[in-house]
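> Sequence and predicted structure below; questions after.
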Amino acid sequence: MGNMMRGVSASDQVNTDPDSSQKGLEDDMLVVLQDYPSCEISEPIYRMGEKLRLVTQEAYWWRVRSVQTGKENYIPNSHVAKVYHGWLFEGVERQKAEELLCLPGNRVGSFLVRESSRERGLYSLSVKHRIVKHYRIFRLDNSWYYISPRLTFQCLEDMINHYSDFADGLCCVLTTPCLSGTTPPSDVTPVAPSVVMRRNFDWRKVDRRQLVSTALESDNTVSYGVRNSIAAYLSFSGSQHSAQMGAERRKKKSKSVYALPESGLANTDYDDDF
């Protein structure tokens, strides 16, 4: 991929792990460039912008694992692009870069570096701003990179780090790699909130002894505040009921005082002015 990173090259490292080749494949990140299969054919298995892990790489069909769902399937290699360091997209054209940067989850400053599909070692920087801006990355004879001739960098990583701190002529500071906001769902199954069931009760049938019990009694079905409220209501309604009963008793009493016995009605004179 050119002089991208400083340090020991892969050819200089001694491979002591027999599974390293498989691990290398597992570490390869892919991004879907277009829905597969097409919506005109059936419901897509993978959609544009989805992140995949490369499981096995064959001539045309690659076995991949979805980062989001964990499901494995095959996809044509023409429908995906390899992604290195999170921001270096292999073989992505200008128009496709714009489509990817315009997907939900990307914000102002989201970016990607795309390597030309026609010639290895030629790169461009695409940045999302009001529109997607593109910058050609040039390379000197000594393999250093630059966008502006006054600033040269030994590797692409140094260039990205610099423009992540300073715009220095770009449309804006680089913020996050393209599609970095797409994260897999948590493996932890969400737990439904616990529901506390209360025993149904008719407050009209509440034992008054419960209303005057202390709040420290944990087995009381009525809270302290509710008990006070109900007690106040019962006291008020009880006083009204007592007053009503008293009025009825007084009414009955007055009737018994002024009622004349049926047996003496014919023989008793009734004075209206009494």
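Right, received. Where do you want to start?

> Now do the phi/psi pair for E93.
Dihedral angles of E93 (phi, psi; degrees, to the nearest 10) stand at phi -80, psi 170.

> from what I can see it touches S117, true?
Yes: the pair E93 / S117 is scored as a contact, 6.8 Å apart, by C-beta atoms under 8 Å. For the C-beta atoms, the positions are set from N, CA and C on the backbone; glycine is no exception.

> more neighbours, those two?
E93 (15 against 12; other C-beta atoms under 10 Å).

> where's the residue lying closest to R47 once chain neighbours are set aside relative to H134, distance?
Spatially, and ignoring its direct neighbours in sequence, R47 is nearest to D35 (5.2 Å; C-beta to C-beta, 6 or more residues apart in numbering). Distance of D35 to H134, given as C-beta to C-beta, to the nearest Å: 24 Å.

> returning to what we had before: my guess is the residue nearest to R47 meets E50, correct?
No: at 9.2 Å, D35 does not count as touching E50 under the criterion of C-beta under 8 Å.

> So the two - more neighbours on which side?
E50 (22 against 18).

> Can you check the pLDDT for that one?
We have a pLDDT of 95 for E50.

> just G91 next, same as before
88.

> Could you verify that D158 is part of a helix?
Yes: counting by DSSP: H, G, I helix; E, B strand; the rest coil, D158 is part of a helix.

> Can you tell me the number of residues neighbouring K82?
18.

> whoops, V127 was the one
25.

> Assign a three-state SS to it, would you?
From three-state DSSP, the assignment for V127 is strand.

> bridging residues for it?
Here V127 sits in beta bridges with F111, K133, going by DSSP bridges.

> How about the contacts made by it?
L101, G109, S110, F111, K133, H134, Y135, L170, C171, C172, L174 (C-beta atoms under 8 Å, 6 or more residues apart in numbering).

> quick one: pLDDT of the last one?
Same thing as L174. 98.

> what's the burial count for it?
Applying other C-beta under 10 Å, I find that L174 has 22 neighbouring residues.

> repeat for the second one
Neighbourhood size, G109 [other C-beta under 10 Å]: 18.

> Run through the stretch 101-250 of the chain and note the low-pLDDT ranges.
Within the stretch 101-250 of the chain, the ranges that satisfy pLDDT under 70 run 182-250.

> One more pass at 90, please.
105, 115-122, 180-250 (pLDDT under 90).

> can you pull out the strands in the chain?
Assigned by DSSP state E, the strands in the chain fall at 29-32, 51-57, 61-66, 72-76, 80-84, 88-90, 111-115, 123-128, 132-139, 145-146.

> Tell me which of those strands sits nearest to A97.
strand 123-128 (4.3 Å; C-beta to C-beta).
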